[in-house]
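Trainee: sequence first, then the predicted structure, then my questions.
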Amino acid sequence: MQTNPKTIGFHPCGRQGCDKKAETRTMIKGRNHYLYSVCPACKVDQSTGAILQTYLWNHTEWLDGEPEVSPPNLIEAAAKIEAETSETEIDLFDPEALETEPEAVQAAKVPLLAKVLLGGLALGLTVMGVSGAMSNMKAVK
Ligand SMILES: [Zn+2]
């Protein structure tokens with residue numbers, strides 16, 4: 001991790017109800033750019049968690065405009081509540097989804113095939129019926 005000690009903005013710390021004004025700085029981890037917080041009371045918080053990154057991104061008053069590269073894991077405002085709970089749910093639901101999916105696909109294929117066969121049969125009968133009816137009409141004339 002590469003940290004940049006330059007302060008690029010300020011945000012209300014907010015940690016544990018802390019009301020101090022904290023500095024926003026940038027750090028690079030791998031290819032990703034993240035923000036981190038430096039509070040005079042709470043010290044440094046370099047969590048790359050989406051909650052903190054989104055908080056810093058939304059609550060920092062930038063000294064020189066917002067950074068060109070935003071953290072990769074910002075939570076969209078509308079998806080925020082879902083995202084906070086989805087991580088644990090995905091772990092619980094994934095194995096079940098993997099087990100049931102092949103069965104569901106097979107079950108879906110059989111009726112589809114039956115429908116196609118029945119549809120073709122019905123179409124054939126309809127054509128025969130129509131032509132039969134037409135030949136009957138001709139016979140009547
Ligand atoms: Zn603080």
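Mentor: Great, that's in hand. Numbers count the residues shown, from 1 in each chain.
Trainee: what's in contact with the longest strand anywhere in the chain?
Mentor: Longest strand in the chain by number of residues, with DSSP state E as the criterion: strand 2-12. With contacts defined as C-beta atoms under 8 Å, 6 or more residues apart in numbering, strand 2-12 is touched by 19-29, 36-38, 46, 55-56, 59-64, 67. Yep, even glycine has a C-beta here, placed from its N, CA and C like the rest.
Trainee: do that again at 10 Å, thanks
Mentor: Identification of contacts with strand 2-12 by C-beta atoms under 10 Å, 6 or more residues apart in numbering yields 18-30, 33-39, 44, 46, 55-67.
Trainee: so which bits of this protein are right by the ion?
Mentor: Within the chain, the residues that sit near the ion (C-beta under 5 Å from the ion) are 13, 15, 18, 20, 39, 41-42.
Trainee: distance of residue 52 relative to residue 115?
Mentor: According to C-beta to C-beta, to the nearest Å, residue 52 stands 53 Å off from residue 115.
Trainee: does residue 27 touch residue 45 like I think?
Mentor: No - counting by C-beta atoms under 10 Å, residue 27 sits too far from residue 45 to count as a contact (11.2 Å).
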